[in-house]
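**Q** Sharing a sequence plus its predicted fold:
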Amino acid sequence: MSAPQNGPQNGPETPQVDERILLGLRSFRLPAWRALVQFGLFATLAALGLSMVFGQPSRPEIGWPIAVAGLAMALVVPALTTIGGRQRVELFDEGFSVHGLFSTRHYRWSEVSDFSLASLLPGRGMRQTYVVFDLSGDRGALVAFNRFLTGKGRSLPIGIEPVDLPGNAVTVALALNAWRQRALDSKTPQVP
């Protein structure tokens, strides 16, 4: 992982996006093509298991469990994460909810920092950017380690995109910052 990139609000390359569009976004999910990638990955594992069962020398005691586990995961993982929409982020006036595979966390806009970008660096052509943020009062070894890697203690699911329009991690970060700023501005008393 790399250090955080220029955030959506503090980099010179910030795209100008109509704030009404950003404030109209209420949900981010994994795109459908990820289900195909996940299925293909685990189907490959199942095929490796079958090649162990029917190959020379035959190893059915190892191959069948691998084939069954690969096939089960090829069906279950895409169904839970992408098709079932389990991994998603929902926005509300008071805050947002991050739905992971097995847990859901709710955050208030006043409790979180601005949202910025970090990226995984397996290779230059495969770089994946995702959204990170800090939670006020957040401590612990895992948070400190994540903060060391990305500059922020928490991260949203990698690969989420807006449901209603095309976008990527930059769009997600811009929308979350717009929602956060609107919530903070509404709590600040206006001076005439």
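**A** That came in fine, so what should we check first?
**Q** Let me see the ranges of the strands in the protein.
**A** Along the chain, the stretches classed as strands by DSSP state E are 27-29, 88-91, 95-99, 104-108, 116-120, 128-133, 154-155, 161-162.
**Q** okay, which residue is most central for this structure?
**A** In the chain, the C-alpha nearest the mean C-alpha coordinate belongs to P157, at 1.8 Å (Cα atoms, centre = their mean).
**Q** Next up, the contacts around that residue.
**A** The neighbourhood of P157, defined by Cβ atoms under 8 Å, 6 or more residues apart in numbering, consists of 30, 87-89, 98, 100, 130. To be clear about C-beta, it is placed using only N, CA and C from the backbone, and glycine gets the same treatment.
**Q** Just among the residues you listed, which is most surrounded?
**A** Using other Cβ atoms under 10 Å as the neighbour definition, these reach their maximum at V89, which records 23 neighbours.
**Q** For S110, see how far away that one is.
**A** As defined by Cβ to Cβ, to the nearest Å, V89 lies at a distance of 18 Å from S110.
**Q** Could you list the low-pLDDT ranges of this protein?
**A** Counting by pLDDT under 70, the low-confidence segments of the chain come to 1-17, 121-126, 188-192.
**Q** let's see 90
**A** By pLDDT under 90, the low-scoring segments of the chain are 1-27, 29-38, 55-60, 62, 75-88, 100-103, 118-130, 135-171, 183-192.
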